[in-house]
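> I would like to see how this sequence folds:
(one chain, ligands or ions: 2)
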Amino acid sequence: MADNSSSNTKNALLELPEPQQLKDFSTIDLKQELTKPYKLTTNDIKSFQKNGFVKLKNVLTPDVTQVLRYEILSLLKKTFKNYNDVKKNRFLSLEMMWLENTSIREFVLSSRIAKICAELLSVKKIRLYHDNALVKESGCGRTPWHYDDHHFPLDTNDVITAWIPAQAIPMEMGPLTFAEPLEVYKLVKDIEFNEFDTSYDRKINNVFKKKQVSIVEEPFELGEVSFHHNLSFHTASENKTTQSRVVLANTYFADGARVVKNPTMISGDWKKFIPETKPGEIVSSNLNPICWPTNN
Ligand SMILES: O=C(O)CCC(=O)C(=O)O
Ligand SMILES: [Fe+2]
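Numbers count the residues shown, from 1 in each chain. Ligands and ions are numbered 1, 2, ... in the order given. Prediction:
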């Protein structure tokens with residue numbers, strides 16, 4: 001998923017200390033923090049609907065962010081036995097964590113996050129598609145330009161991903177970066193997706209440059225979260241720091257959506273995320289709970 005062709009040498013990396021670990025997690029009421037409603041403004045909603053993404057500050061408190069980083073890193077260390085060895089420039093990913101880890105479950109089923117998503121999409125009910133830890137180790141290359149529509153076998157465009165950093169993301173770490181407005185996907189709709197080399201990324205980049213598309217590449221403060229639509233074009237630069245870039249990406253969709261009639265290869269592991277559901281059927285499996293509203 002990452003392009004490591006122009007990877008950094010160790011010397012060029014920005015030295016960042018590992019964020020301090022909280023001494024006592026038990027004093028933090030995760031559930032309370034993650035169910036408290038967030039005050040979205042009408043401007044946030046307008047901006048999301050026009051641009052296909054919005055970045056919101058103070059969605060998580062610094063303490064809650066630290067819990068997220070700690071929990072994702074412990075799962076990673078369990079799953080990738082060599083995680084603690086000399087850092088490599090891998091892009092590691094872990095899905096379905098919410099079934100395994102009760103703290104991460106609070107983040108994935110969070111009504112604070114899901115309500116934001118429902119309001120941004122202007123839909124009544126939101127279901128989970130999947131959770132995904134996206135960890136770029138030190139030196140990991142850039143994320144190629146893409147939109148997510150290719151990856152989700154859902155017969156709706158009411159699909160949104162909350163990209164939740166588990167630490168601040170300075171420019172050197174490669175923040176998620178968006179092309180605006182949402183409509184720019186139309187400029188590149190005839191470019192065929194290719195998951196095997198970097199040609200798609202290069203072609204998209206060329207069109208955006210030629211058409212002078214506006215690109216928003218800005219750092220994330222601690223606690224800041226971005227939300228992007230499945231047609232929003234995005235990318236991320238390499239991680240040029242000594243610290244791993246740890247992110248939880250949760251994808252949700254409007255209740256009532258169906259699986260597309262012909263899911264393709266790039267829809268990947270969709271049966272894992274939507275079990276016991278055939279193409280064309282409404283998605284309502286128990287791995288796709290309604291996360292907002294909560295009184296369902
Ligand atoms: O984490 C990244 O670098 C890419 C994330 C992404 O493409 C997504 O969340 O849709
Ligand atoms: Fe993406």
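
> From here on, just use CA atoms for contacts and neighbour counts.
OK.

> Tell me where the stretch 101-250 of the chain has strands.
126-136, 143-146, 159-165, 176-180, 214-216, 225-229, 234-236, 245-254 (DSSP state E, counting those that start in this stretch).

> The ones you listed: which one's closest to Lys271?
Relative to Lys271, the nearest member of those by CA to CA is strand 126-136, separated by 10.9 Å.

> Tell me the strands beside the closest one, with direction?
strand 91-95 (antiparallel), strand 245-254 (antiparallel), strand 290-292 (antiparallel) (DSSP bridges).

> Glu172 against Leu16, yeah?
No. Using CA atoms under 8 Å, Glu172 is not in contact with Leu16; the gap is 10.2 Å.

> so what sits against both of those two?
Taking CA atoms under 8 Å, 6 or more residues apart in numbering as the contact rule, the neighbours common to Glu172 and Leu16 are Thr241.

> From the neighbour counts alone, determine which of those two ranks first.
Legend: neighbour count by other CA atoms under 10 Å for Glu172 and Leu16, higher for Glu172 (15 against 11).

> Quickly note the distance from that one to Arg245.
Distance, Glu172 to Arg245, using CA to CA, to the nearest Å: 10 Å.

> what is in contact with the two at once?
In contact with both Glu172 and Arg245: Asn239, using CA under 8 Å, 6+ apart.

> Flag every residue of the stretch 101-250 of the chain that's near ligand 1.
Contacts of the stretch 101-250 of the chain with ligand 1, taken as CA under 6 Å from any ligand atom, map to Leu134, Thr143, Asp148, Trp163, Ala236, Ala249.

> With neighbour count added, can I get the residues you listed in TSV?
Converted to TSV, these look like this (neighbours: other CA atoms under 10 Å):
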residue	neighbour count
Leu134	20
Thr143	21
Asp148	18
Trp163	21
Ala236	19
Ala249	21
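
> Confirm for me that Leu92 is in contact with Lys136.
Yes. Taking CA under 8 Å as the definition, Leu92 is a contact partner of Lys136 at 6.4 Å.

> Looking at the two now, which is surrounded by more residues?
Lys136 (26 against 18).

> what about stretch 39-49, distance to the chain center?
Here stretch 39-49 is found 19 Å from its chain centre; the criterion is CA atoms, centre = their mean, to the nearest Å.
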